[in-house]
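[1] Dropping the sequence and predicted coords here.
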Amino acid sequence: MSRRLAAWAALAVLGVASLAACGSDSDSAAPSASASASPSATPTPAPVLWAGDVCVERDNLGAAVAALGRNLSYDISSDRSALEQIDRQLRIQVLAVGDAANGLVTTLQEVPVDFQQANDTVVAVTKAKDDAQEAVDEVTARLDAMVSADNVLTGAAEAGKALVAAKAAFEAGQALVSAVGDSVSSANEDVRAAFDAAPQCQEQSSTS
């Protein structure tokens, strides 16, 4: 009887040992959490995000300026309706320039609070925006005078003034677009680095 107990004891010991061995094998086969974890992405610095937004707004302005005065059409033989056509088409275009200019400056003024190096860029572009806004306001004033003219002849004279003002607005809009690049080029290294790192700014420079 004692031999039989000893045999069972031996088998029990072997069973425990084999289970332990299996457990160690499965433990070693299981991938470690640290080995499978992927490294977290580095967040984009706030100045780079801001610079990218500025470049998007700059490109929106460039598109609006390019469209100013394009494809204007009117029937000169249709009397006052020709003036209404000019007003409708040109007003939409010039207001689009004004809206885009406002969008650019609004985004510029959202510069991160800890990125004071960009203040000179904000000031320079805001000044150019004020000039562009004056030109836009002059176009709308000429258009208002055109549509309220007492007769077609006076309205036609005001239409000519509106087109001259639109040309000035076009040039002021172009100057505002250029002011962004000029101010960044003359800014310090940190500002230039932020714009260089923004993909939106690189896309514009590669297509220009």
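    That came through, no problem.
[2] Tell me the pLDDT of residue 10.
    For residue 10, the pLDDT comes out at 43.
[3] ugh, typo on my part, it should be residue 73
    71.
[4] now residue 83
    Predicted confidence (pLDDT) for residue 83: 88.
[5] How many neighbouring residues does it have?
    Residue 83 has 23 neighbours, counted by other Cβ atoms under 10 Å. Yep, even glycine has a C-beta here, placed from its N, CA and C like the rest.
[6] That one contacts residue 153, correct?
    No. Residue 83 lies out of contact with residue 153 (Cβ atoms under 8 Å); the separation is 10.7 Å.
[7] Residue 172: neighbour count?
    22.
[8] Tell me the buried residues in the strand or helix carrying it?
    Using DSSP states H and E, residue 172 falls within helix 152-185. Within helix 152-185, the residues scored as buried using 16 or more other Cβ atoms under 10 Å are 155-156, 158-159, 161-162, 165-166, 168-170, 172-177, 179-181, 183-184.
[9] who touches residue 161 in this structure?
    142, 145-146 (Cβ atoms under 8 Å, 6 or more residues apart in numbering).
[10] follow-up on the earlier one: would you mind extracting the C-alpha trace of whichever helix or strand comes after the helix holding residue 172 into PDB?
    Downstream of helix 152-185, the next assigned helix or strand under DSSP H and E is helix 189-197. Listed next in PDB are the C-alpha coordinates belonging to helix 189-197 (Å, rounded to 0.1, in the frame of the first residue of the first chain):
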ATOM      1  CA  GLU A 189      14.000  82.200 -37.700                       C
ATOM      2  CA  ASP A 190      11.100  80.900 -35.500                       C
ATOM      3  CA  VAL A 191       8.400  82.400 -37.700                       C
ATOM      4  CA  ARG A 192      10.100  81.200 -40.900                       C
ATOM      5  CA  ALA A 193      10.400  77.700 -39.500                       C
ATOM      6  CA  ALA A 194       6.700  77.600 -38.600                       C
ATOM      7  CA  PHE A 195       5.700  78.500 -42.200                       C
ATOM      8  CA  ASP A 196       8.300  76.100 -43.700                       C
ATOM      9  CA  ALA A 197       6.900  73.300 -41.600                       C
END
